[in-house]
Each structure stands twice: as C-alpha cells, then as structure tokens.
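Asks: Structure for this input, please:
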Amino acid sequence: MKEKKIQWHPGFAAALDLELRSDREYLHFEKEYNLNTKPLAVDLLVIKKNAAVRLDNEIGRIFRGHNLLEYKSPGDHLNIDTFYKTIAYACLYKSYEKTLNAVRADDVTVSLVREGKPEELFGYLEENGFRITHPYRGIYYIEGPVMFLSQVVVTGELELEEHVWLRALSEKLKEKEMRVLLERTSCLTGKYDQELADSVLNVSALANERVVEKLMEGDGSMSEALLEIMKPMIEPMIEKQRQIAMEEGRSQGLRQGISQGFSRGIDQGLKQGLSQGQIQGAVRMLRHLGYDDAVIRQELWSEYGLSGKAADEYL
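Replies: Reported below is the predicted structural model:
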C-alpha cells in the first residue's frame, strides 16, 4: 500500500491566515513567494500594510512591514542550515527591489514554524553568541548577531484555544484537540474562512484518521453540525477502507473459495479473508452518515461481495 501523501504547506498557509484573521484588513498574504527568476520561493510572505498597527495574535507581535515565514512539516528537520537558508531568503527579498534600500532590514522579519522544538538548533545558536528568549508559550525569539528580527514558532507548544489552527497541523492530535478544531470550524460564517478551515481540516483529518474514526465510533455526542462538517473527509476514508479490504480480502477469499467450492466459496471465503474490524468500521461510519440497513446491505454486497446472511451478521 502506498504511503499517504499529505499536502502540509497549503494547510499551513490557510491556518496562518485564520490565526491572523482579526487583523486581516491590515495584511496581504503571498503563498510561495518567488524571490527571483529561478525556482526559489519562501513558503509564505505576509505584508503588513500599516506599519503602526500592532497585531493581536502572539505570532504576529514581531511582524514589521515584510514578514517571511518558512514552514517545516512534521518529520522535516529544522537545523542551522535551514535557519541560514531562510535568512538568505530574507536577504534576497530585501535586495531585489527596484530602488536602493526600498525594503529596510529593520522592516523585515523571519519566522520558522515547526511542530517540535528544535533543541539542536537552539543549542548551536546559544553556543555561537545568540540568545533565545521565550516571550509566549510556543514562541521563541532569536536575538543577537542576526540580520533580521527572527522567531521560531513551535506549534505543538502553542495554547490550544488561542492557536487551534496551527495546532491542527500534526499527526499526533488527541480526540479533545480534534473536537476543538471541529467546534471552532462550525462557528465560522464567512465563505472565505470556511474554505480556509476546510483546507486545515482536510490535512488534519488525513494525518489523524484513527482519531476521526474513534470520534465517529463514539457515543453519539458529536452534533449533527459537526458530523456534516466531517462528512466530506470521512467518505474518502470509507472508500479507502473499502479498497484496502478488497485488496487484502479478495485474493485470500477467492483462494479459499476455489478449494471449498465456487457456489459457497465466494461468500464464505471473502468473509473469512476480509478483516472483520474493517467491515465493522465501515458499517459504523455508514450508520453515522445516516444510511439505513438496506443501503448498507447493498454496499456490503457491491464492495465486499457479502450477501444475504453473511451481510446481515454485520448489521
């Protein structure tokens, strides 16, 4: 089975936009901003339109006029070379304006964003004359012989209630964190915000499928509104679960069916070959999505080859 491919960076851009939405009127976002004619780009550029405005969000407190953000997905390293590469991006950004010193160095900031705390990077910086300060939970300023105001945002340490969107970019979400994310999503009203939240949810749900399945298999405490939000993400999971079951079960079931006799082997052999847990999980999800027994029975026949009594055992 192929390893799932998660597009973390679009989720990051959407999450940061939602994080800063209270000050959105003062900001301009540029995703994957090209630094020159070559394929060299910073993950996100945020332009602050009014230098006098102080952003409410803790992540944006350091922001000046031009703010470059580099995001590292879970599993990616954030080391000293990454730090200097991002500083180099900021140098390129400053130097490529049409007029001399059009972008002042003191009007540029650099932010590196990662789920885990980069202990080795901080150790190296402190050993080489830099100072790491910790003004807010999950936010670290890099001070000393650095060309631009710089910070490291450790999303896994951020306060959940204040930074739910960036906290969602993880493969280690707990049920409580997923519930908070869903509840916060259900409170959004604007189309643009809802589209951003969908981008974050798609990433988070794909990275935390087991948590989503546990919520759907729970005691029914999830509201209908939350179930509706989850539906576009759950249905692909059901389809994926079906495909896995088909791939794992058909070959084994058919082999058994041939030895037992074709007439009873397809039904019984497939039933034995498929994982009972996979079929039961699919049935639970279909029930949560509002399908009745007749529809579920048809799905068990069309997708898993289970008919009659074999299908009824799972209902």
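Asks: Could you list the low-confidence segments of the stretch 151-300 of the chain?
Replies: Applying pLDDT under 70 to the stretch 151-300 of the chain flags residues 217-278, 281, 288-290.
Asks: hmm, try it at 50
Replies: When residues are selected by pLDDT under 50, those of the stretch 151-300 of the chain lie in 225, 254-255, 257-273.
Asks: Which parts of it are helices?
Replies: Taking DSSP state H, counting those that start in this stretch as the criterion, the stretch 151-300 of the chain contains helices spanning 164-167, 175-186, 191-207, 209-216, 224-260, 262-273, 276-288, 293-304.
Asks: Roughly how far does residue 136 sit from residue 157?
Replies: Separation of residue 136 from residue 157 (Cβ to Cβ, to the nearest Å): 10 Å. (Glycine included, C-beta is placed from N, CA and C.)
Asks: mind giving me the domain split of this protein?
Replies: The record's domain parsing of the chain by automatic domain parsing lists 8-207, 241-312.
Asks: quick one: contacts for residue 132?
Replies: Contact partners of residue 132, counting by Cβ atoms under 8 Å, 6 or more residues apart in numbering, are 122, 125, 126, 140, 141, 142, 143.
Asks: Show me how far the host helix or strand of it is from its chain's centre.
Replies: Assigned by DSSP states H and E, residue 132 falls within strand 131-136. With Cα atoms, centre = their mean, to the nearest Å as the basis, strand 131-136 stands 26 Å off its chain's centre.
Asks: Now do the buried residues in that strand.
Replies: Using 16 or more other Cβ atoms under 10 Å as the test for burial, strand 131-136 gives residue 136.
Asks: just checking, residue 109 touches residue 146?
Replies: No: at 10.7 Å, residue 109 does not count as touching residue 146 under the criterion of Cβ atoms under 8 Å.
Asks: Direction included, what does the strand holding residue 132 pair up with?
Replies: strand 139-143 (antiparallel) (DSSP bridges).
Asks: what does the strand it pairs with rub up against?
Replies: Here strand 139-143 has contacts from 58-59, 62, 122, 125, 130-135, 149-154, 158, using Cβ under 8 Å, 6+ apart.
Asks: Quick one: the strands in the stretch 51-200 of the chain, in order.
Replies: Applying DSSP state E, counting those that start in this stretch to the stretch 51-200 of the chain gives strands spanning 66-72, 108-114, 131-136, 139-143, 149-154.
Asks: can you tell me which of the ones you listed comes nearest to residue 286?
Replies: Residue 286 lies closest to strand 66-72 among the strands of the stretch 51-200 of the chain, at 36.2 Å (Cβ to Cβ).
Asks: pLDDT (mean, whole number) over that closest one?
Replies: Taken as a whole, strand 66-72 has an average pLDDT of 94.
Asks: Quick one: distance of it to the chain centre.
Replies: 17 Å.
Asks: pretty sure residue 45 contacts residue 33?
Replies: Yes: counting by Cβ under 8 Å, residue 45 does reach residue 33; the two are 3.9 Å apart.
Asks: shared neighbours, the two?
Replies: Counting by Cβ under 8 Å, 6+ apart, the common neighbours of residue 45 and residue 33 are 68, 93.
Asks: which one of the domains of the chain lies closest to residue 216?
Replies: domain 241-312 (5.0 Å).
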